[in-house]
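Asker: Could you look at this predicted model? Sequence included:
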Amino acid sequence: MELKGIFDSHCHYDSTPFDADRDSLLDEMLSEGSSVCGLMHASTDISSMRFGLEYANRYESFYTSVGFHPECMDNLPEDPKGELENIFRTGDKIKAIGEVGLDYHYEGYDRDRQIALLRIQIELAQEHSLPLIFHMREATADFMALMHEYKPNGVVHCFSGSPEIARELLGLGLYLGFGGVLTFKNSRKVKASFAVAPLDRFLFETDCPYLAPEPYRGSRCDSRMIENIALCAAEIKGVPAQQLIDMARENTKALFGL
């Protein structure tokens, strides 16, 4: 039986793998009777923010965030805060600041600039009473220090940390986002972290077109594949997959004020 009521809390339908069929795919997924009931577009730069606003105006159940991803440091506007402030005035379906965070994966990253940009965006979110969508990769110590300093409202998307870090973030009031990685055979740590997440503190996501779950690993991901993530999650929690989809949807609505 097809699971219903899927809300994808983190997706990137502006990505080039969707260029050939983006509109027809979204039309199908967001139509009445589809398994998908809502999408949150995660912005990374000015172009993706514009995309998010455009598509949020097209589809009632499509929402967007605005923000600068740490991998986009080389293409920042001169005044990132001012740019975001201007964008806020353009649409009432902006429900979060994101995707923002720290990423020390690639050589040549600028730690100080990343931290400074993240501070600006956390403070802006708090000024506007908006939640944040966080990206964290290979930067746990600095990220956790900022979380303890600001105690922000938001979600750490595509969470891949240890159960100990999960408990620490949950204790600060943050949500954790889980996607296709949960289904991978070598994802013991992610499974253990999902096991400690309370039912009112997790979100389902795809990060599509990336990280398709088993048995689609390596192919283009889309939001309908959350069904496979939920089936895996049900085995971990001992809770029916439909109940987990329902909980994740309500948690997503609660976080983003929908």
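Answerer: Received it, and whenever you're ready, just let me know what you need. Keep in mind it's a predicted model, so treat the numbers as computed, not measured.
Asker: Quick check: closest non-adjacent residue to E71.
Answerer: The shortest distance from E71 to any non-neighbouring residue, by Cβ to Cβ, 6 or more residues apart in numbering, is to D103 (5.8 Å). All C-beta spots, glycine's among them, are computed from the backbone N, C-alpha and C.
Asker: residue contacts, the one you found?
Answerer: Neighbour list for D103: 69-71, 109, 114, 135-139 [criterion: Cβ atoms under 8 Å, 6 or more residues apart in numbering].
Asker: Quick one: those as a markdown table, columns for secondary structure too.
Answerer: Listed next are these as a markdown table, based on DSSP: H, G, I helix; E, B strand; the rest coil:
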| residue | secondary structure |
| --- | --- |
| H69 | coil |
| P70 | helix |
| E71 | helix |
| Y109 | coil |
| Q114 | helix |
| H135 | strand |
| M136 | strand |
| R137 | strand |
| E138 | coil |
| A139 | coil |
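Asker: Out of those, show me where the pLDDT dips lowest.
Answerer: The lowest pLDDT within the contacts of D103 belongs to Y109, with 87.
Asker: coming back round to it: which two of the contacts of D103 have the greatest separation?
Answerer: Pairwise distances across these (Cβ to Cβ) peak at 14.8 Å, for the pair H69 and E138.
Asker: of these two, who's got more company?
Answerer: H69 (20 against 11; other Cβ atoms under 10 Å).
Asker: Do a quick rundown of the helices in the stretch 51-200 of the chain.
Answerer: 80-88, 111-127, 140-150, 163-171, 188-196 (DSSP state H, counting those that start in this stretch).
Asker: now for the last one, which elements pack on it?
Answerer: Contact analysis of helix 188-196 by 3 or more Cβ pairs under 8 Å, 6 or more residues apart in numbering; DSSP states H and E lists helix 163-171, strand 175-178, helix 226-237 as its packing neighbours.
Asker: Need the residues that contact whichever helix or strand comes after the last one.
Answerer: Looking back up the chat, that one is helix 226-237. In the C-terminal direction, the helix or strand that comes right after helix 226-237 (DSSP states H and E) is helix 241-256. For helix 241-256, contacts defined as Cβ under 8 Å, 6+ apart pick out 3-7, 9, 37-38, 40, 63, 95-96, 131, 153-155, 175, 199-204, 226-227, 230-231, 233-234, 237, 258.
Asker: With only the CA atoms kept, save helix 241-256 in CSV.
Answerer: In CSV, the C-alpha atoms belonging to helix 241-256 read as follows (Å, rounded to 0.1, in the frame of the first residue of the first chain):
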residue,chain,number,x,y,z
ALA,A,241,6.0,3.6,8.5
GLN,A,242,2.8,5.6,7.9
GLN,A,243,2.8,6.8,11.5
LEU,A,244,6.4,8.0,11.1
ILE,A,245,5.5,9.9,7.9
ASP,A,246,2.6,11.5,9.7
MET,A,247,4.8,12.5,12.6
ALA,A,248,7.5,13.9,10.3
ARG,A,249,5.0,15.9,8.5
GLU,A,250,3.5,17.4,11.7
ASN,A,251,7.0,18.1,13.0
THR,A,252,7.9,19.9,9.7
LYS,A,253,4.8,22.0,9.9
ALA,A,254,5.5,22.9,13.6
LEU,A,255,9.1,23.9,12.9
PHE,A,256,8.3,26.0,9.8
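Asker: got the angle for it vs helix 226-237?
Answerer: 100 degrees (axes from the mean of the first three to the mean of the last three Cα atoms, to 10 degrees).
Asker: just to revisit the earlier point, could you let me know which of the contacts of D103 ends up closest to R89?
Answerer: H69 (21.9 Å).
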